[in-house]
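Trainee: Quick one: sequence and predicted model below, then my questions.
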Amino acid sequence: MGCYYHNAVPSAGVCSSCHQPLCATCLAEGPLCGSCRLAQRLDANDATRLAGARGAWSQPPPQPPPAAAPVRVAEAGSAEGRALAAAGFVPFLWPAAVLALVTAAGKERYVRKQSLQAIGFNLGMAAIWIVLHMVAVVPLLGWTIW
């Protein structure tokens, strides 16, 4: 006979409440099948709900929770500053990143970080370009690279 929930799996025991056959996986969750566990939870939930309803007349109404502190949203900077910083990532538009740094938008943390990244990216790419051109001058090695 197979498990009540898994037909292809042989049963290893039975539910202690409804006596349905259960496999080892189902029995690992406890001595009850899923239906009986759900019934127990619903009964417990109903009991607490009824107990709360009976005592509601004698108790004062619950107080609302205290207001949470306002959450600060990280500022991403002005649209113009973000646009200049983004344009700075384009290979020959690195002056846009410098412009974003020296204008009022450069005081914003996000714009400053992105502008510095754009300048660093362009410097790194320029360094790679210079190294590749220096290697290209070497006679046999340069021919294989090109």
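Mentor: Received it, and whenever you're ready, just let me know what you need.
Trainee: need the helices for this structure, in chain order.
Mentor: In the chain, the helices defined using DSSP state H lie at 24-28, 34-54, 79-87, 94-102, 109-137, 139-145.
Trainee: Next, format those helices as JSON lines and append mean neighbour count and mean pLDDT.
Mentor: To be clear about C-beta, it is placed using only N, CA and C from the backbone, and glycine gets the same treatment. JSON lines is the format used below for the helices of the chain (neighbours: other Cβ atoms under 10 Å; pLDDT from 0 to 100):
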{"stretch": "helix 24-28", "mean neighbour count": "15", "mean pLDDT": "83"}
{"stretch": "helix 34-54", "mean neighbour count": "11", "mean pLDDT": "76"}
{"stretch": "helix 79-87", "mean neighbour count": "18", "mean pLDDT": "85"}
{"stretch": "helix 94-102", "mean neighbour count": "19", "mean pLDDT": "87"}
{"stretch": "helix 109-137", "mean neighbour count": "14", "mean pLDDT": "89"}
{"stretch": "helix 139-145", "mean neighbour count": "10", "mean pLDDT": "72"}
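Trainee: among those helices, which is nearest Tyr4?
Mentor: Closest approach to Tyr4 among these (Cβ to Cβ): helix 24-28, 7.8 Å.
Trainee: Give me the contact list for the closest one.
Mentor: Cys3, Tyr4, Tyr5, His6, Val9, Ala12, Gly13, Cys33, Gly34 (Cβ atoms under 8 Å, 6 or more residues apart in numbering).
Trainee: one more time with 7 Å
Mentor: Residues outside helix 24-28 that contact it (Cβ atoms under 7 Å, 6 or more residues apart in numbering) are Cys3, Tyr5, Ala12, Gly13, Cys33.
Trainee: what's the answer for stretch 33-49, then?
Mentor: So stretch 33-49 is contacted by Tyr4, Tyr5, Cys15, Ser17, Cys18, Gln20, Leu22, Cys26, Gly30 (Cβ under 7 Å, 6+ apart).
Trainee: can the helices of the chain go into TSV with extra columns for distance to Gln63?
Mentor: What follows is those, written out as TSV (distance: least, Cβ to Cβ, whole Å):
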stretch	distance to Gln63
helix 24-28	43
helix 34-54	16
helix 79-87	44
helix 94-102	50
helix 109-137	40
helix 139-145	75
